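S.K.: what's the 3D shape of this:
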Amino acid sequence: MAPSAAASLALLPLLSLPSCIHQSLAFAPIKSSSPSIFRRPAPSTTFPSSPMSMPKPSSSATLSSATSIESSLASSYAIRIHSKENSNGLSWDLAKLNQWEEQDALDDQKPGVGALALRALSDRADKDVRAPSCETLRCRWEKIMDSTIHDGNTWSITVDCPKYHSDQEDELPRELLCVLSRIMIQSAARLISRENEKLKDNAAQPVLLITLPLLEGEGCQNVSLSEIIDCDNHDGIRKLFHPLNSEYSSMEIVDMVNQEGDVLGSLPRPFVHTWNILHRGVGLIVTKDQSILDADSSILPEVYVHQRTSTKRIFPSLYDMFVGGVSSTGEKPEWTAAREVAEELGLKGALEYLELESKIDADSNGDVISLKTNPLSEKLFQCTVCTSYNRCVVSMFAYKCNTKSEEMSWQEEEVAWGDFVPYEIVECAGGMSIERLVQNGDWPGSNFSGVGETLAMVSCEQIEEVKSKCNNIQSWEKWDFVPDGLLVWEAWLNWWKKSNAR
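M.R.: Predicted coordinates for the structure are as follows:
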């Protein structure tokens, strides 16, 4: 994978301290000068072109699940997800993001595209926020009470979509409806599995008879429940998506997530980037010979920074202060982090540690693992990155590179330059890069007054001080960083400040 945190999160399609500080609104709360109009006042697989005939379901089996409201993002839509108690159904309400943009125009606010999406994501998860106008996807399921069909353990699942009119400009894209309906099916499958366990109905493996939208019309599919919910076998997921794009269905499977980073369902990676779907990823700050978590806050270790080559299709010649990438479905964040730093920089210490740890036999190898030190920290915090091309819930880690035992290596076609540089330079150069984006109207985050709460404006005095102290590194004040890397940098500064204030 390309050695850039932001690019890795966006392309190809992103401890001794407390283990997790979660920032659900990315980097800082989004402020508004007046309440949103959406807020309430306080107080075997076959897929024919038409549905196969199926036995009429019975409503004798009902699912019981706690009432909940979740949210997510896809394309130009903020999604509110309803799961109601004692209900055999889910509903996803899709509201266009431009409704929040229109309200900000009335309030004379000009947040970046990412800040706007984050606020919509938060509003959609808040039961006290009145829903704007939206389109609704509905998924319903029932058990078929016919002992002659698949040993009597068969469930029908149907996704109902809004009527599609291709001649309407603001119509929900048909492919997006098809993709989201297949995520809903997976949520339904997990609830059915839970209910099947409660009923102790394990004589036969449940079979799902699914009615789903296609790119044209709708069709039916017969899939085993275990094929969909098995994290180690993605055959069922690939079957669901095969009718949409047979080439995509054979590619890496990743997760669509909600506002907290919890998995809603899995899908081929290209769909995530085609429709800018909220997904999971990691970021790492790599430091030289000392963990940044063990350092004196006044004397921090050098941080690895690299510049992308001028031939890169996305963000040519821009800089990044992080390593990162997208998590595969079922992959734990720490494994993603270890894999990415090994692939991008050739630093394999963490990956070797985790592989050894996973093979441990307490009787024979316990002493071996105790002699090794994991250069990768525990998860530090979680933040959400939103830009016009990438939406990712990022789990953040720190990595200590021991330059005496590990040697960096990268692909020349990916990286033009990379080195460890003083933390002060990264902090100052990052702030100046954000200022330039703000001045050009390209900053995807909140307006700069909001950024200023966590990322101090760079003063002329600060610039001159860093120049005189670090005069061996030239032109750092002109470094332009990848925008979503800067959003993670803002989150890092917030977390770092809070951690050192404890």
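S.K.: Tell me where the model's unsure across the chain.
M.R.: Residues of the chain meeting the criterion pLDDT under 70: 1-67, 84-87, 103-110, 131, 146-152, 163-170, 198-204, 361-371, 447-458, 501-502.
S.K.: what's the burial count for L212?
M.R.: L212 has 24 neighbouring residues, counting by other C-beta atoms under 10 Å. Glycine gets a C-beta too; all of them are placed from N, C-alpha and C.
S.K.: wait, is it part of a strand?
M.R.: Yes. The assignment for L212 (DSSP: H, G, I helix; E, B strand; the rest coil) places it in a strand.
S.K.: and it, what is it in contact with?
M.R.: 159, 178, 181-182, 185, 218-221, 240 (C-beta atoms under 8 Å, 6 or more residues apart in numbering).
S.K.: Show me which of those residues are buried.
M.R.: Buried members of the contacts of L212, scored by 16 or more other C-beta atoms under 10 Å, are 159, 178, 181-182, 185, 218-221, 240.
S.K.: For those residues, give me CSV that also has distance to K96 and secondary structure.
M.R.: Formatted as CSV, the buried ones among the contacts of L212 follow (distance: C-beta to C-beta, whole Å; DSSP: H, G, I helix; E, B strand; the rest coil):
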residue, distance to K96, secondary structure
V159, 20, strand
C178, 19, helix
S181, 19, helix
R182, 22, helix
I185, 24, helix
E218, 24, strand
G219, 28, strand
C220, 31, strand
Q221, 30, strand
L240, 26, helix
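S.K.: Now render those residues as a markdown table, adding distance to R391.
M.R.: Putting the buried ones among the contacts of L212 into a markdown table (distance: C-beta to C-beta, whole Å) gives the following:
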| residue | distance to R391 |
| --- | --- |
| V159 | 23 |
| C178 | 19 |
| S181 | 20 |
| R182 | 19 |
| I185 | 22 |
| E218 | 28 |
| G219 | 29 |
| C220 | 32 |
| Q221 | 28 |
| L240 | 22 |
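S.K.: what's the closest of those residues to S297?
M.R.: R182 (47.4 Å; C-beta to C-beta).
S.K.: L240 is in contact with that closest one, correct?
M.R.: Yes. Between R182 and L240 a contact is recorded at 4.6 Å, counting by C-beta atoms under 8 Å.
S.K.: which residues of the stretch 251-400 of the chain fall in strands?
M.R.: With DSSP state E, counting those that start in this stretch as the criterion, the stretch 251-400 of the chain has strands at 253-257, 263-268, 279-288, 303-308, 319-320, 323-326, 381-386, 391-401.
S.K.: who does the shortest one touch, helix- and strand-wise?
M.R.: It refers to strand 319-320. helix 5-10, strand 303-308 (3 or more C-beta pairs under 8 Å, 6 or more residues apart in numbering; DSSP states H and E).
S.K.: Outside of the last one itself, list whatever touches it.
M.R.: With C-beta under 8 Å, 6+ apart as the contact definition, strand 303-308 has outside contacts at 2-4, 7, 285-288, 292, 315-321, 323, 345, 401, 408, 410, 414-423, 426, 479, 482.
S.K.: Give me the buried stretch members for it, please.
M.R.: By 16+ other C-beta under 10 Å, the buried positions in strand 303-308 come out as 303-308.
S.K.: Alpha carbons only: can I get that strand in PDB?
M.R.: Provided in PDB are the C-alpha atoms of strand 303-308 (Å, rounded to 0.1, in the frame of the first residue of the first chain):
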ATOM      1  CA  VAL A 303       8.700  12.300  13.800                       C
ATOM      2  CA  TYR A 304       8.800  10.600  10.500                       C
ATOM      3  CA  VAL A 305       7.600  12.800   7.600                       C
ATOM      4  CA  HIS A 306       7.500  11.900   3.900                       C
ATOM      5  CA  GLN A 307       6.700  13.500   0.600                       C
ATOM      6  CA  ARG A 308       4.700  11.900  -2.100                       C
END
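S.K.: and the angle for that strand with strand 279-288?
M.R.: With axes from the mean of the first three to the mean of the last three C-alpha atoms, to 10 degrees applied, the angle from strand 303-308 to strand 279-288 works out at 120 degrees.
S.K.: so how far is strand 303-308 off the chain centroid?
M.R.: With C-alpha atoms, centre = their mean, to the nearest Å as the basis, strand 303-308 stands 23 Å off its chain's centre.
S.K.: quick one, it and strand 391-401 angle?
M.R.: 120 degrees.
S.K.: Which stretches in this structure count as helices?
M.R.: 5-10, 98-106, 113-124, 174-198, 225-229, 235-241, 269-274, 333-345, 349-358, 366-370, 423-439, 448-451, 460-469, 483-500 (DSSP state H).
S.K.: could you dump these to a markdown table with distance to M256?
M.R.: A markdown table is the format used below for these (distance: least, C-beta to C-beta, whole Å):
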| stretch | distance to M256 |
| --- | --- |
| helix 5-10 | 15 |
| helix 98-106 | 21 |
| helix 113-124 | 13 |
| helix 174-198 | 5 |
| helix 225-229 | 14 |
| helix 235-241 | 11 |
| helix 269-274 | 7 |
| helix 333-345 | 16 |
| helix 349-358 | 25 |
| helix 366-370 | 35 |
| helix 423-439 | 28 |
| helix 448-451 | 28 |
| helix 460-469 | 41 |
| helix 483-500 | 18 |
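S.K.: how about these, which one is nearest N390?
M.R.: helix 5-10 (3.7 Å).
S.K.: Can you tell me the number of residues neighbouring K332?
M.R.: 13.
S.K.: same thing with A120?
M.R.: 28.
S.K.: Hmm, it is touching D93, no?
M.R.: No. In this structure A120 lies outside contact range of D93 using C-beta under 8 Å: 12.0 Å.
S.K.: Distance-wise, check the nearest residue to F315 once chain neighbours are set aside relative to N153.
M.R.: Using C-beta to C-beta, 6 or more residues apart in numbering and skipping residues adjacent in sequence, the residue nearest F315 is V482, 5.1 Å away. For V482, the distance to N153 equals 50 Å [C-beta to C-beta, to the nearest Å].
S.K.: got it, and R124?
M.R.: 35 Å.
S.K.: For these two, indicate the residue with more neighbours.
M.R.: Between R124 and N153, counted using other C-beta under 10 Å, the more crowded position is R124 (27 against 19).
S.K.: Please name the bridge partners of the residue nearest to that one when sequence neighbours are not counted.
M.R.: Closest residue to R124 apart from its sequence neighbours, by C-beta to C-beta, 6+ apart: S71 at 3.5 Å. Under the criterion DSSP bridges, S71 forms beta bridges with R80.
S.K.: got it, and I285?
M.R.: In beta-bridge terms (that is, DSSP bridges), I285 pairs with A398.
S.K.: pretty sure it contacts W492?
M.R.: Yes. Contact criterion C-beta under 8 Å: I285 and W492 qualify, at 6.7 Å.
S.K.: Give me the common contacts of those two.
M.R.: M396.
S.K.: pretty sure S224 is touching S193, no?
M.R.: No. Using C-beta under 8 Å, S224 makes no contact with S193, being 11.2 Å away.
S.K.: Just want to know which of the two has more residues nearby.
M.R.: For the pair S224 and S193, the greater number of neighbours falls to S224 (18 against 15), based on other C-beta under 10 Å.
S.K.: quick one on the thing from earlier: where do the contact lists of S224 and S193 overlap?
M.R.: Joint contacts of S224 and S193 (C-beta under 8 Å, 6+ apart) are P206.
S.K.: check contacts around P268.
M.R.: Neighbours of P268 in contact, by C-beta under 8 Å, 6+ apart: 237-238, 241, 245, 248-254.
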